[in-house]
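Novice: Build me a model from this:
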Amino acid sequence: MTLRTTLSSALLLGLLSSPALACGDEAAQYSGDYDQCMNQAASTASMLNCIAAEHARQDKLLNDNYQKLMAQLSAKRKSRLLAAQRLWLQYRDANCQAYVDPDGGSSEALVGADCALRATAERAIELAKMQPESH
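Specialist: Take a look at the predicted model:
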């Protein structure tokens, strides 16, 4: 078995065991560049680079959706959203670290990075759906 096959199998096993991926709709929220990058990745480091690039895209979308939503809300709702977003960031980071086995080896970095990517993409969608004009 090659290193790429081993790494891909470990990543796939970790991803498929995650409840969020059982739904099958996450592929639509990631860019085509991400899919292409992951298909070409030959090492844990290159997979982490793919995830980091997609995370940057999703984080920008999340921030754009957040700013757009904030511009539409009353002062009271703005303060509530600000508080919620700060808590959500803390939750995302803590929750994704909980998925990582510190004794599990290099593939564990993929598990944590994938969790953060998935959560960020889902939150970007959630913020878009919260916008009054989207109802």
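Novice: Quickly find the element holding the spatially most central residue of the chain.
Specialist: The structure's the chain has its C-alpha centroid closest to residue 117; by Cα atoms, centre = their mean the separation is 1.6 Å. Assigning secondary structure by DSSP states H and E places residue 117 in helix 107-130.
Novice: circling back: pull the contacting residues for the residue nearest to the centre of the chain.
Specialist: 30, 51, 54, 55, 58 (Cβ atoms under 8 Å, 6 or more residues apart in numbering). Every residue, glycine included, has its C-beta placed from N, CA and C.
Novice: in which helix or strand would I find the second one?
Specialist: The reference is to residue 51. Assigned by DSSP H and E, residue 51 falls in helix 44-72.
Novice: buried set for that helix?
Specialist: Residues of helix 44-72 classed as buried by neighbour count (16 or more other Cβ atoms under 10 Å): 44, 47-48, 50-51, 54-55, 57-59, 61-62, 65-66, 69.
Novice: And stretch 91-109, by the same measure?
Specialist: Using 16+ other Cβ under 10 Å as the test for burial, stretch 91-109 gives 92, 96, 100, 107, 108, 109.
Novice: out of those, who's nearest residue 37?
Specialist: residue 109 (16.3 Å; Cβ to Cβ).
Novice: Please export the C-alpha coordinates of stretch 113-129 as CSV.
Specialist: Provided in CSV are the C-alpha atoms of stretch 113-129 (Å, rounded to 0.1, in the frame of the first residue of the first chain):
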residue,chain,number,x,y,z
ALA,A,113,-8.5,20.8,10.0
ASP,A,114,-11.5,19.1,8.2
CYS,A,115,-13.7,19.7,11.2
ALA,A,116,-12.9,23.4,11.3
LEU,A,117,-13.4,23.6,7.5
ARG,A,118,-16.8,21.9,7.7
ALA,A,119,-18.0,23.9,10.6
THR,A,120,-16.9,27.2,9.0
ALA,A,121,-18.7,26.3,5.7
GLU,A,122,-21.8,25.4,7.6
ARG,A,123,-21.8,28.6,9.6
ALA,A,124,-21.4,30.6,6.4
ILE,A,125,-24.5,29.0,5.1
GLU,A,126,-26.4,29.5,8.3
LEU,A,127,-25.5,33.2,8.4
ALA,A,128,-26.7,33.6,4.8
LYS,A,129,-30.0,32.0,5.7
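Novice: Kind regards, and thank you for your time.
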